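Colleague: build me a structure from this.
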Amino acid sequence: MNLPERVVNKMINGDAFSKWLGIKVIKIKKGYCELQMNVRDEMTNGFNIAHGGITYSLADSTLAFAANSHGIQSMSIETSISHTKKVQSGDVLKAITKEVSRSKKTAIYYISITNQNNIEVAHFKGTVYITGKEWFPQKQEI
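Modeller: Just a heads-up that it's a prediction; the model follows:
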């Protein structure tokens, strides 16, 4: 298992909310993540469409996994989402990242969320703070 896979495996194993969402990791590599999930009835609101928090949460998990895939612990410091189409129960959502920039302390990601017809239903921007702390520190030889 490579480093991005090890990091995401560790993260998702402790992530009860992502498990409840039913998130599946489709692809993970340094700076890139692709997730998929099915929208269920209990994720809908009073308008009988998916609660905005569902697409936000999918994008937020995608951001977290992509940002941490470099092996350094990172956390979001600013995020925003635009909902462009309605999402309904039964839809299959896919979130894909694009790492826009990465420095020693911050990184910016764009995430596109599409449905089963490859129609964009939301787009998300996230900025993360890079802590410098390794997920799997190497033991130093003396």
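Colleague: so after the lowest-mean-pLDDT helix or strand in the chain, what's the next helix or strand?
Modeller: Least confident helix or strand, the chain: helix 16-21 with a mean of 94, by mean pLDDT, DSSP states H and E. Downstream of helix 16-21, the first helix or strand assigned by DSSP states H and E is strand 24-29.
Colleague: need the contact partners of that next one.
Modeller: 2, 4-5, 8, 12, 33-37, 65-66, 69, 94 (CB atoms under 8 Å, 6 or more residues apart in numbering). For every residue, glycine as well, the C-beta is placed using N, CA and C.
Colleague: run the chain-centre distance for that strand.
Modeller: With CA atoms, centre = their mean, to the nearest Å as the basis, strand 24-29 stands 10 Å off its chain's centre.
Colleague: what's the angle from the following helix or strand past that strand to strand 24-29?
Modeller: On the C-terminal side of strand 24-29, the nearest following helix or strand under DSSP H and E is strand 32-38. Inter-element angle recorded for strand 32-38 and strand 24-29: 170 degrees (by axes from the mean of the first three to the mean of the last three CA atoms, to 10 degrees).
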